[in-house]
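Trainee: any chance you can model this:
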Amino acid sequence: MKKYKKRYLNVLSVNSLILILAIVFLTIGFDIQKKYDFMGQLITEVFIILLPALFISKTGNIRKVLRVHKISFKNIFLTVLIVILAYPIILLLNGIFMSLISSFMDFTNSSRDLIDMDPNIYNYIIFFCIVPAICEEVLFRATVINAYDIYGTKFAIGMSALVFALFHFDIQNFVAPLLLGILFGNILKLTDSLYAAIIAHFTNNIIAVIFSRYINERFSKMLWQTEMARQIGSLQLFIVIILIVLSILCSIILRLLFKHLKKEQIREERNITAYREVEGIDIFNFVPILALVILYIIYYSIVFK
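Mentor: From the prediction side, this is the model:
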């Protein structure tokens, strides 16, 4: 007799796993990444993120848990376009957050150090774009959202994004993962495909690598040579103005694209789809996440002591 496997994962089990993986990442993962560079990135992503996610997903119907569904070329195009349009918005909001907390702590340009680590661009594409996109989406989007769906779609997307941001253990890289987590979660839900979330994550990372490696400095120099930048008298203020204008335009287009995807989702919904009844939030299930928040605070109180 074939053993029945559940469609949804247990919330407490998933949250407990997240806490354990966070502790392992802090105590072992960081050291591995520092010691072995690109290979260290691969080791931590696969053994600390991907394999545990697959292990707990197998306690349920793994294909349904992970949403391993085909994605159309149209949705691939829309996913890439959405991430490109969202990039300046996230850049602006992350910059505002950084400015607000810069008076309380000093920041290091760790991303710049990583980009300068190796002249071979293919290493960055593989280890900083492809590998994290696959491993992190399997855990933070597919697995976590599947468990959190019992509390409703909005809660599942928002809470999974918060967990994703906390797991980075980097206060200067907190808002960007939080917003990206919300973006990727919505893409996952609207397309009902893990592949879409992976493509979205990869697109964001490849944009970040290309900009950091080839465009940022040249673009800044080009902007500073413009008449408007000199009239304003501040390159930073000029960039903020550009980002605000771009963000407004991109927000309008994104709203239309998400409306279109929502209509497509409703139109293509299968009659056999089983909806999960939304329940009230059980605080006990989130004790491990509360512990993760405390761990995050303790970590930064030590780092910035």
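Trainee: and the pLDDT at E269?
Mentor: On pLDDT, E269 comes in at 66.
Trainee: show me the contacts for the closest residue to K6 other than its chain neighbours.
Mentor: Once flanking residues are discounted, K6 sits nearest to G60: 4.7 Å by C-beta to C-beta, 6 or more residues apart in numbering. Yep, even glycine has a C-beta here, placed from its N, CA and C like the rest. Counting by C-beta atoms under 8 Å, 6 or more residues apart in numbering, G60 makes contact with K5, K6, R7, Y8, L9, N146.
Trainee: what does the pLDDT read for G60?
Mentor: pLDDT for G60: 91.
Trainee: for it, grab phi and psi.
Mentor: Backbone geometry at G60, expressed as degrees, to the nearest 10, gives phi -120, psi -170.
Trainee: what's the spacing between it and I125?
Mentor: As judged by C-beta to C-beta, to the nearest Å, G60 and I125 stand 33 Å apart.
Trainee: and for C250?
Mentor: Applying C-beta to C-beta, the value for C250 to I125 is 25 Å.
Trainee: same deal with I62?
Mentor: Going from I62 to I125 by C-beta to C-beta gives 28 Å.
Trainee: likewise F184?
Mentor: 19 Å.
Trainee: between those two, who's got more neighbours?
Mentor: Remark: of F184 and I125, F184 carries more neighbours, 31 against 16, as counted by other C-beta atoms under 10 Å.
Trainee: got the contact list for the more buried one?
Mentor: F184 touches E137, R141, A197, A200, H201, counting by C-beta under 8 Å, 6+ apart.
Trainee: derive a ChimeraX selection command for the buried subset of those.
Mentor: Buried residues among these (16 or more other C-beta atoms under 10 Å), as a ChimeraX selection:
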select :137,141,197,200,201
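Trainee: dump the contacts of F184 into CSV; add distance to K70 as well.
Mentor: Shown next, in CSV, are these (distance: C-beta to C-beta, whole Å):
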residue, distance to K70
E137, 16
R141, 17
A197, 14
A200, 16
H201, 18
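Trainee: please identify which pair of the contacts of F184 lies farthest apart.
Mentor: R141 and A200 (9.2 Å; C-beta to C-beta).
Trainee: sketch out the helices for the stretch 1-150 of the chain, chain order is fine.
Mentor: 11-24, 30-44, 51-57, 62-66, 73-101, 110-115, 121-124, 131-136, 144-148 (DSSP state H, counting those that start in this stretch).
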